[in-house]
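Asker: Need a 3D model of the sequence below.
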Amino acid sequence: MEVKEFNRAVRFWSKGTLRKIRNEVLRMVLNVGPGYENQFADTKQYSGEINRIRFGFPYYMVFVHKGAGRGYGGKKARLDKKTYAYVKNRRQDSLRMMGTGRRIAKLWFNPVIEAQLPELASLITDYKGSKAIDIIQQAFNKLKID
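Answerer: Numbering: from 1, shown residues only. A predicted model of the protein is given here:
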């Protein structure tokens, strides 16, 4: 597999994965909004090969994924000023309220990525495996006795 083919396959994988992530978000919501529209997938290259895949989405979608809400324990009681930093102290009675809210975690990101990772792994092993075989064959061609 050549570098161009590998890059094309990885870009195709990232766009397909992004489409599945968006479909998962659509399955959970009533209306399309910024949580759906502002998602993107990006790739970075080093020496001509893609070495990084990045998925982006609005920060509040993490709260949806974790089931976090506002006002369910762990509120700040006061701030103590120290020499170099502010230390946050929390009330003990509010700490035991953490995780008792009514919001349920809606897993929309991790299950899709976990389902798609074997396909990406096979792409990488095909590319890197053929590259390793080519290097080994070149080394053995130098060692042959004619």
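
Asker: Just the mean pLDDT for stretch 8-22, thanks.
Answerer: Predicted confidence along stretch 8-22 averages 95 (mean pLDDT).

Asker: For that stretch, give me every contacting residue.
Answerer: 1, 36, 39-43, 50, 53, 55, 108-109, 112-113, 115-116, 119-120, 123 (CB atoms under 8 Å, 6 or more residues apart in numbering). C-betas here are computed from N, CA, C, even on glycine.

Asker: Please spell out the PyMOL selection for the buried subset of those.
Answerer: A single PyMOL command suffices to select whichever of the contacts of stretch 8-22 are buried according to 16 or more other CB atoms under 10 Å:
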select buried, resi 36+39+41+50+53+108+109+112+116+120+123
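
Asker: Just the contacts of stretch 8-22: which are in strands?
Answerer: Counted as lying in strands by DSSP state E, out of the contacts of stretch 8-22, are 40-43, 50, 53, 55.

Asker: ok, and the closest non-adjacent residue to the residue nearest the centre of the chain?
Answerer: The chain has residue 55 as the residue nearest its centroid, 5.7 Å off, counting by CA atoms, centre = their mean. In space, and not counting its chain neighbours, residue 55 is closest to residue 41: 5.4 Å by CB to CB, 6 or more residues apart in numbering.

Asker: Now do the contacts for the one you found.
Answerer: 14-15, 17-18, 53-56.

Asker: Quick one: buried ones out of the residues you listed?
Answerer: Applying 16+ other CB under 10 Å to the contacts of residue 41 flags 14, 17-18, 53 as buried.

Asker: close enough to count as contact, residue 38 and residue 59?
Answerer: No - using CB atoms under 8 Å, residue 38 makes no contact with residue 59, being 10.2 Å away.

Asker: Cheers, nothing more for now.
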